[in-house]
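# Build me a model from this:
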Amino acid sequence: MVKRKEYFKSTERYEFDWGMCSISEGFAQVDTWQDASYFGMWANPETLTIVCYCEGDVSITTAETPQEFVEEILKIKTWSNENADNGFKGIDTGWTENNPIEMKFKALGLGELVH
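Coordinates of the predicted model:
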């Protein structure tokens, strides 16, 4: 069962980019049409965690199984594409090919979403 935790944090998304949702913490950025200083989304294929920051509202979704994690990522993709042309941009795992985070997304069957 997917678990969600929500809270408010007065900050900008960049605190997440360089902190708890950084590549060094195992996260990749989930790129959508909404990306801005007030919005960001990140996913960690190891801990099966998705973090969303929107104007101070923080939502942390943790899946219990890899399949639940995949389903959550695909829901994000579907919702983004339904709400904007080319809404879902992809999953940014960093600047190097075949890095450990990228390989984990590929192992989950989400390799076609990595860019």
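# So, low pLDDT: which residues of this protein?
For the chain, no stretch has pLDDT under 70.
# now with 80?
Low-confidence segments of the chain (pLDDT under 80): 96-98.
# residue boundaries of the strands in it?
Under the criterion DSSP state E, strands of the chain are mapped to 3-8, 28-32, 39-44, 49-54, 57-62, 88-92.
# export these to a markdown table and tack on distance to Thr78 and mean neighbour count?
C-beta here means a position set from N, CA and C on the backbone, and glycine is covered the same way. Output for those, formatted as a markdown table (distance: least, Cβ to Cβ, whole Å; neighbours: other Cβ atoms under 10 Å):
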| stretch | distance to Thr78 | mean neighbour count |
| --- | --- | --- |
| strand 3-8 | 18 | 10 |
| strand 28-32 | 11 | 22 |
| strand 39-44 | 14 | 22 |
| strand 49-54 | 14 | 21 |
| strand 57-62 | 15 | 16 |
| strand 88-92 | 8 | 19 |
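# Make TSV out of those strands and add distance to His115.
As requested, those are exported to TSV (distance: least, Cβ to Cβ, whole Å):
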stretch	distance to His115
strand 3-8	27
strand 28-32	7
strand 39-44	13
strand 49-54	17
strand 57-62	22
strand 88-92	4
